[in-house]
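In: okay, sequence plus prediction incoming.
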Amino acid sequence: MVDRFTPRMAMLMIGLSAGLLGGCGERSQRVETFPAAGIVAMGGQPVDGATVEFTPVASATGVAGAQARTDASGRFEMSIMLDNGRTTQPGLPAGEYRVTITKYEAPAGEASLARPPRNILPAKYQSPDSTPFSATVKPESENHFTFSL
């Protein structure tokens, strides 16, 4: 008896291959997050254009951290990046975070390698090791934080 490779057999093999390969692609990551927002002020005035970064104290959150930018009223809303930075998801996973705050401005004229932008906020706020700020994101909480520099 001679084995024949029939069109029906070819379709069956293609279908099986597609089913097996379907599990090999990237899948959208979903992490349970909770709203996290706040205000940054310095000397009682809102800080516009600051970068607020939440860095997890423990890696149990499943994310490396998150950044947000303050608006003209000093307000920010946190969100995490997923799918290798292709999508964002509002909020943060529950957990403890160290909070750093920076604001970079270019020197007079245009920034360059010889004249890079510099952080105009006190240096102690720019590193997770030196910042006095921390935040705990809780599932059953409003998670609104005020950081006074």
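Out: Done, it's in. Numbers count the residues shown, from 1 in each chain.
In: what segments of the protein are helices?
Out: 7-21 (DSSP state H).
In: looking at it, which helix or strand is least sure?
Out: Every helix and strand in the chain was compared by mean pLDDT, DSSP states H and E; the lowest is helix 7-21, with a mean of 46.
In: find the nearest non-adjacent residue to Arg115, please.
Out: Pro107 (4.9 Å; CB to CB, 6 or more residues apart in numbering). Heads up, the C-betas are built off the backbone N, CA and C, glycines and all.
In: now do the contacts for the one you found.
Out: 115, 117-118 (CB atoms under 8 Å, 6 or more residues apart in numbering).
In: from Asp83, how far out is it?
Out: Per CB to CB, to the nearest Å, Pro107 is found 37 Å from Asp83.
In: output the below-cut-off pLDDT ranges for the chain.
Out: Residue ranges of the chain with pLDDT under 70: 1-29, 59-62.
In: now do 90
Out: 1-31, 58-65, 81-88, 106-117, 140 (pLDDT under 90).
In: ok, Ala58 touching Gly95?
Out: Yes. Look at Ala58 against Gly95 with CB atoms under 8 Å: they come within range, at 6.7 Å.
In: now stretch 126-143: how far from the chain's centre is it?
Out: 14 Å (CA atoms, centre = their mean, to the nearest Å).
In: show me what it is in contact with.
Out: So stretch 126-143 is in contact with 34-37, 54-55, 57, 91-102, 119, 123-125, 145, 147, going by CB under 8 Å, 6+ apart.
In: thanks a lot, catch you later.
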